[in-house]
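S.K.: for reference, the sequence and a predicted model appear below.
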Amino acid sequence: MSLFLFFSFFVVIIYTASSTTPLPPYPYGIGYHIDCGSPTNTTDPFNKIWLSDRFFTGGSTSVVSEPLYFHHLHEKTLRFFPISFGKKNCYVIPSLPTGRFYIRTFTVYDNYDGKSHAPAFDVSVEGTVVFSWRSPWAERLTRDGAYSDLFVHVKDGEADICFYSIATDPPVIGSLELVQVDPLSYDSATVGDKFILVNYGRLSCGSGQWGPGFSNDTDHFGRSWQSDLKFRPNTNSLRTISKDSSGVRPLGTKNTISGTDQKPNYFPMKLYQSAVTIGGGQALEYELPVDAKLDYLVWFHFAEIDSTVKKAGQRVFDVVINGKNLTRIDIYKQVGSFAAFSWHYTVKNLSTSYLTVKLVAAAGAPLLSGLENYALVPNDLSTVSEQVVAMRALKDSLRVPDRMGWNGDPCAPTNWDAWEGVTCHMNENRTALLITQIDLASQGLKGYIGDQIGLLSNLVSLNLSSNSLSGTLPSGLGQKSLVRLDLSNNQFSGPIPDSLTSSKLQLVLLNDNLLEGRVPEELYSVGVHGGAIDLAGNNGLCGIPPLPACHIFWESGRLSTPGKIAIGLSCLVFFCVLLLVVYICIRRRRNDYDFGLPHELISLSAKRNRYQRQKSLMLLEMESQHAKGLPSSLTSA
């Protein structure tokens, strides 16, 4: 899809609280105004603060070749994305509430690189391509740059604005603005949140270009309004309004217009204080450039600011788009004088490159205050949110290099390739995208596999071979969908998780790592059922031959069940012995403080003493008898 950038210099500055013009309360306070490429905050002549460059995923900064040619500081600097940062780079604005946002970009080249070659690239918002820049650009566009804007719903808490390089051209961006708007703006309740409204023309009739950045007139959404002059057929865009010879006559008033600056669209009063009309029974006609095969939301703005019209029926005209008469308008009948009135219509199945609008008089002369045209660009499919989270975590844990362009949505937009090395498919009901294959073999990765890889529940093939990855294999790696797993030639350590016993695995290559422990027996069924398994080069693995047998107390890099039982029993015996020793020590300590022997020991000692006394008496008696009664041997002789 190529969305034509039809205006070459359409500047828009978003209102900030520091504006010099007092305004009624506006309920949405979230807004970012980023000066891409600038290292510091700046303030423009209308007191709006531009933030220094931030929220980008990569790229380099530069300055336009002729800074003095540009009036605003945020138009003088830019960020560009060389191919060394990958084919896809993004600004990711975080912490946003769910709601509708107005996004505007300023794109400028001005030969900043001295190559005189404006780049070709696409821009996506929330995964949908919205702008296409094709080289060569028009000369004025190359020199001046252009503003482009849209309305988009953000549902995931962050806004992704991504740039896709075509060939080797580096995309460029000068500034980026985002502001939250009323969720019901521009008939969102009917249009729904499945479309992005891309601006194809925002015209103020009967005046020059105005709005934030050009005047002190305020638009709460930050919309700037350009003159309608060059969009009228057969009108020289260089003529001034006062010299318009086509019969179109401008009208203006300083009177207050009621019904302006009201929710949900907050159309500014300035828009309704000017208008154009045409006499002589002629039709007021416009030609708006568009892209075919898209639907368009056309918004008309009216206010009866001619005081000569005093009643209904004096000014009546038909609205005709592409030859189809759609409605009859009587402004005074609808809202009276000096009051705002809007009407919109959706043009479907457009097959031409121009959208023709005519206001055909039925009574009096037709009148128009403003005209807007938005392409209804259908939201592209996006990756399911939990898999986006998993892939971003995987990017960090694997340390995927910038050159691979892993930024934004992993799979969207569908008309661009997914992240390098990633393959995606639609889910069964074709409402979202799923990650089915990751092939990052031989990419010099030096990280590890994080636990969140388990969120990739549709992963069929994972190839991270021949890198320098380390750490243990997470249990979440065993998705039921996984068929092919190649982690060979890395530095993974620890056990093989039991979760890898998936029955769908047909290829398991874990060779040449540092894995250890018992290999789950179910994993060998891969080879039994016709698949292939290679565990060679892991000296710490054990299990079924040809691997060495595992120690009875060791299994899969940890204690086996018998080992745990043995250690448990050993601990129990040790504990019992310890209790016994403690008991004996306590008993002995108690005896030390009794200052006497136990009763049994006293009795035994007394018996022993009596025995010794008796023995002594017997010996004395025997010696006495021997001395008295035994004759001497000498006497008997």
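M.R.: Everything's here; your move.
S.K.: count the neighbours of the residue nearest to residue 231 when sequence neighbours are not counted for me.
M.R.: Spatial nearest neighbour of residue 231, chain neighbours left out: residue 286 (5.0 Å); criterion: CB to CB, 6 or more residues apart in numbering. Yep, even glycine has a C-beta here, placed from its N, CA and C like the rest. By other CB atoms under 10 Å, 23 other residues sit near residue 286.
S.K.: equivalent analysis for the one 5 residues further on, please.
M.R.: Using other CB under 10 Å as the criterion, residue 291 is surrounded by 18 other residues.
S.K.: surely it touches residue 375?
M.R.: Yes. Residue 291 lies in contact with residue 375 (CB atoms under 8 Å); the separation is 6.8 Å.
S.K.: in CSV, list the C-alpha atoms belonging to the host helix or strand of residue 251.
M.R.: Secondary structure from DSSP states H and E places residue 251 in strand 248-252. Extracted C-alpha coordinates of strand 248-252, given in CSV (Å, rounded to 0.1, in the frame of the first residue of the first chain):
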residue,chain,number,x,y,z
VAL,A,248,-15.2,32.0,-5.6
ARG,A,249,-15.6,34.7,-3.0
PRO,A,250,-14.3,34.6,0.5
LEU,A,251,-16.3,35.5,3.6
GLY,A,252,-15.1,36.4,7.1
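S.K.: can you tell me who residue 435 pairs with across the strands?
M.R.: residue 424 (DSSP bridges).
S.K.: hmm, it is touching residue 424, no?
M.R.: Yes. Residue 435 lies in contact with residue 424 (CB under 8 Å); the separation is 5.9 Å.
S.K.: overlap of the contact sets of the two?
M.R.: Shared contacts of residue 435 and residue 424 (CB atoms under 8 Å, 6 or more residues apart in numbering): 383, 410, 411.
S.K.: beta partners of residue 181?
M.R.: According to DSSP bridges, beta-bridge pairing links residue 181 with residue 100.
S.K.: for it, give me its contacts.
M.R.: With CB under 8 Å, 6+ apart, residue 181 has these contacts: 28, 99, 100, 101, 102, 151, 220, 221.
S.K.: just to be sure, residue 153 is in a strand?
M.R.: Yes. Checked against DSSP: H, G, I helix; E, B strand; the rest coil, residue 153 lies within a strand.
S.K.: could you pull out the helices for the chain?
M.R.: Here the chain has its helices, by DSSP state H, at 139-144, 188-191, 269-272, 331-335, 385-398, 525-528, 561-592, 599-629, 633-636.
S.K.: quick one: residue 281 and residue 364, what's the gap?
M.R.: Residue 281 sits 10 Å away from residue 364, going by CB to CB, to the nearest Å.
S.K.: buried set for the strand holding residue 251?
M.R.: 248, 249, 250, 251 (16 or more other CB atoms under 10 Å).
S.K.: got CSV for those residues, with pLDDT too?
M.R.: What follows is those, written out as CSV (pLDDT from 0 to 100):
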residue, pLDDT
248, 93
249, 94
250, 95
251, 96
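S.K.: and which of those residues is nearest to residue 78?
M.R.: residue 250 (37.1 Å; CB to CB).
S.K.: of residue 281 and residue 364, give the one with the bigger neighbour count.
M.R.: Using other CB under 10 Å as the criterion, residue 281 and residue 364 rank with residue 364 on top: 18 against 8.
S.K.: number of nearby residues for the nearest residue to the more buried one once chain neighbours are set aside?
M.R.: Of all residues not flanking residue 364 in the chain, residue 315 sits nearest, at 4.0 Å (CB to CB, 6+ apart). A count of neighbours around residue 315, defined by other CB under 10 Å, yields 24.
S.K.: residue 471 now?
M.R.: 15.
S.K.: close enough to count as contact, it and residue 477?
M.R.: No. Residue 471 is not in contact with residue 477 according to CB under 8 Å; the separation is 11.6 Å.
S.K.: name the residues contacting each of these two.
M.R.: residue 449.
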